[in-house]
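Q: Build me a model:
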Amino acid sequence: MNNMAVPDVSVIVGAYEAMPYLVRCLESVEKQTLGAGRIEIVAVDDGSTDGTGEYLEKFAAESAVPTRVVRQANSGGPSGPRNVGLSLARGRYVFFLDADDYFGEEALERMVAMADRAGTDVVLGKVEGVNRTAPSSMWGRTVERVDLYNSRAIFTLSAQKLFRRDLLTRLDLTFDEGLRTGEDALFTLEAFLRGAGVSIVADHTCYYLVGRDDGKHVTRSGGYVLRFDSARALMRLIADLVPPGVKRDKLMVRPFTITLLQQFTPRLLKESDDVRRHKMELAAPLMAEHWTPGLAARLKVNERLRLECVARGRLDLLLDVLTFIRDGAAPEVVRKGGMTYLAFPHFGSPGAGVPDVTYEVTVNDWSGKRRVEPARTIRRPGPLARWAVRRVRGRVRALTARG
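A: The predicted model follows:
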C-alpha cells in the first residue's frame, strides 16, 4: 500500500460493532466507478467484539482496493477512529464513510470531478435515507460553489463529505475527541468557513444513510448534557470565525434550532422539575451570549417564543407554550399596526413581560394548517395579475399614441 501512487481519495471507515452492515459498506467502495487504483481504504476497528476486526482483515487481504486496517481499544466515540484514519490517509481527498452506510456507485467519481472542476475544498453529495430520514432541503440543484450564508448546506454538517486533504492538513483540523455528540458538525462547519468553497452534487445519490435495525446508530445515543456541549461548541466556533451581524445570525440559526431548541419541545412536559431547571441553567449562558434580535427575526413564532422564554428564565411561561403546542392548538392570527402576529399563550399580556414583537410573523409560518406570511412580504403577482398589468400598459400606450 505504501508503494502505490497517491490515490485520489482516502476512504476512512471507523467501525465499531458494525456487522453485518460493514459488508455492504465495503462492497460499495469496491464498486466505485472511480476505480480501485484511485482509492485507498483506511479502516479502524474501535474495539469491536462482533467480528468487525476480523472481517476487515479478511477484506484487506482479498480486495483490489488497497486497504490498511488498524485495530485499537474502544475509544468511546467516532472521533478517535476518524482521527487515526486521517493521520494515515494519503489521498488528495478524504471521505469519512460510516460503517453502517454505503456509497452510490458513481459517488466518488462525481464528487472528485466536481472538486477538481470547481476548485472547492468540500463537496456535498446527495444523501438518501434507508430505514431512516435524511436531510433533503439542500439537494434542489447541483451547484459548483454555494453561497454558504444563503444556502441550506449548513443544515447538513455530518462528516460524510469529500474534503480536500490539503485543507485539513493546513488547518490541522481534526475531530474534537472531547465531544461525544456533534463533533462532526464542528469539524465540517470549520472546513466550510475556512476552506476555499463548498460544492453540491444533487443530481445523483452519492450516499445512503442507513438506520440500523438494532437502533445503535451513534447519533441516537447520549444524554441532554452532551447536546448542550455540542451547541456550545458550535456557537463558539461561529462567533470566533464570523463577525457580529447578518452573516453570523444566519449561521446561528443552525445550532439554535437543530440542537438547542430540541431540548425545549413538548417532551419537556414529561421530564422532572430537576431536569427542566437544569436545562434552563445550561441554556442561560448560551442565550445571554449569542441570542440577538437579528437571529430571533429569522425564526418561526413558536421557535422564537420558546427561546425567548428560555432567555428570560421563564420556565412557567415556557410550559404554557409547550402545553399549547402539545395539544395541537392553532394560534389566532392577529393583524394590527400593519403587522401580523400569532397569538400563542400570553400574547398581549403585560403581566407576562414578553413583548408583542416576539409573536410577530417575520418568516413564512403556520397557524394550524393555514399558511401565514409576514405582513411586509411582497408576493410576486400571479399569471392572471401579470396579464392584467400588460393589458393596462398596452391600453395606456395606445391612448398615448393617439394623443
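Q: check which helix or strand covers V112.
A: Taking DSSP states H and E as the definition, one finds V112 inside helix 107-118.
Q: I'd like the distance from that helix to the chain centre, please.
A: 21 Å (Cα atoms, centre = their mean, to the nearest Å).
Q: List the buried residues in that helix.
A: 107-112, 114-115, 118 (16 or more other Cβ atoms under 10 Å). The way it works is simple: take the backbone N, C-alpha and C, and place the C-beta from them, glycine included.
Q: can you check stretch 192-207 too?
A: Counting neighbours by 16+ other Cβ under 10 Å, stretch 192-207 gives 192-193, 195, 197-202, 205-207 as buried.
Q: ranges for the helices of this structure?
A: Secondary structure of the chain (DSSP state H): helices located at 21-30, 52-62, 79-88, 107-118, 165-171, 183-194, 224-241, 246-254, 273-290, 293-296, 301-311, 315-326, 383-401.
Q: so where's this protein shaky on pLDDT?
A: 1-4, 215-222, 376-403 (pLDDT under 70).
Q: returning to that earlier point: relative to helix 21-30, how tilted is the helix holding V112?
A: Calculated by axes from the mean of the first three to the mean of the last three Cα atoms, to 10 degrees, helix 107-118 forms an angle of 50 degrees with helix 21-30.
Q: what packs against helix 107-118?
A: Helix 107-118 is packed against strand 9-15, strand 93-96, strand 122-130, strand 162-164, strand 198-210, with contacts defined by 3 or more Cβ pairs under 8 Å, 6 or more residues apart in numbering; DSSP states H and E.
Q: rerun that using 10 Å as the cut-off
A: Applying 3 or more Cβ pairs under 10 Å, 6 or more residues apart in numbering; DSSP states H and E, one finds that helix 107-118 makes contact with strand 9-15, helix 21-30, strand 93-96, strand 122-130, strand 162-164, strand 198-210.
Q: Quick one: list the elements packing against the last one.
A: For strand 198-210, the contact count by 3+ Cβ pairs under 10 Å, 6+ apart identifies helix 21-30, strand 102-103, helix 107-118, strand 122-130, strand 162-164, helix 183-194 as packing neighbours.
Q: same deal with the fourth one?
A: Under the contact criterion of 3+ Cβ pairs under 10 Å, 6+ apart, strand 122-130 touches strand 93-96, helix 107-118, strand 162-164, helix 183-194, strand 198-210.
Q: rerun at 8 Å
A: Under the contact definition 3+ Cβ pairs under 8 Å, 6+ apart, strand 122-130 sits against helix 107-118, strand 162-164, helix 183-194, strand 198-210.
Q: Could you say which one of these comes nearest to A239?
A: Closest to A239 of the helices and strands packed on strand 122-130, according to Cβ to Cβ: helix 183-194, at 11.6 Å.
Q: Any buried residues in the closest one, and which?
A: Buried, per 16+ other Cβ under 10 Å, within helix 183-194: 183-193.
Q: what are the phi and psi angles of P345?
A: phi -50, psi 140 (degrees, to the nearest 10).
Q: tell me the contacts of it?
A: 317, 320-321, 323-324 (Cβ atoms under 8 Å, 6 or more residues apart in numbering).
Q: Any of those buried? List them.
A: Looks like those have 317, 320-321, 324 buried, using 16+ other Cβ under 10 Å.
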